[in-house]
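Novice: build me a model:
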Amino acid sequence: MKEIISCCGVVCTSCEYYPETCAGCPAIEGKAFWLEYTGGDVCGIYECCILERKQSHCGKCRELPCRRYFDTPDPTKTPEENKADFRRQMEQLKRME
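Specialist: As a prediction, the model looks like this:
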């Protein structure tokens with residue numbers, strides 16, 4: 001299976017929600033299932049990176065990491081799990097630069 005990576009650095013194909021609950025941000029255009037818990041129509045990171053800045057991923061942004069990574073933690077995870085996810089995302093984005 002080909003690896004799918006979202007603009008925020010999440011490896012979609014390694015996510016526990018892929019593919020049953022979520023097909024990955026490239027396919028769903030940032031309209032993540034978890035928005036039902038946090039509100040909004042599209043993920044703020046996806047909106048900024050893809051829709052506004054027209055970048056392929058956040059690793060190309062000089063503002064990385066920005067507040068968007070901290071404004072909406074995954075409500076289904078503990079603070080420790082969210083911190084670990086953030087570290088993995090930053091590592092992934094560095095490899096993509």
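
Novice: how many other residues sit next to Gly24?
Specialist: When neighbours are counted by other Cβ atoms under 10 Å, Gly24 registers 18. Yep, even glycine has a C-beta here, placed from its N, CA and C like the rest.

Novice: does it touch Ser6 like I think?
Specialist: Yes: applying Cβ atoms under 8 Å, one finds Gly24 in contact with Ser6, separated by 6.3 Å.

Novice: mutual contacts of these two, please.
Specialist: Residues touching both Gly24 and Ser6 (Cβ atoms under 8 Å, 6 or more residues apart in numbering) are Cys12.

Novice: where do the helices sit along this protein?
Specialist: Here the chain has its helices, by DSSP state H, at 25-28, 35-38, 44-46, 68-71, 79-96.

Novice: may I have the least confident helix or strand in the chain by mean pLDDT as CSV, with CA atoms only?
Specialist: The helix or strand of the chain with the poorest confidence is helix 35-38; it has a mean of 87 (mean pLDDT, DSSP states H and E). Output of helix 35-38 as CSV, limited to C-alpha atoms (Å, rounded to 0.1, in the frame of the first residue of the first chain):
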residue,chain,number,x,y,z
LEU,A,35,-14.6,18.2,13.2
GLU,A,36,-17.9,17.1,14.7
TYR,A,37,-16.2,17.4,18.1
THR,A,38,-14.4,20.6,17.5
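
Novice: contact partners of it?
Specialist: Against helix 35-38 from outside (Cβ under 8 Å, 6+ apart): Asp41, Val42, Cys43, Thr72, Pro75, Thr76.

Novice: how about the backbone phi and psi for the nearest residue to Ala32 once chain neighbours are set aside?
Specialist: Spatial nearest neighbour of Ala32, chain neighbours left out: Cys43 (5.2 Å); criterion: Cβ to Cβ, 6 or more residues apart in numbering. The phi/psi pair for Cys43 (degrees, to the nearest 10) reads phi -60, psi 130.

Novice: appreciated, that's everything.
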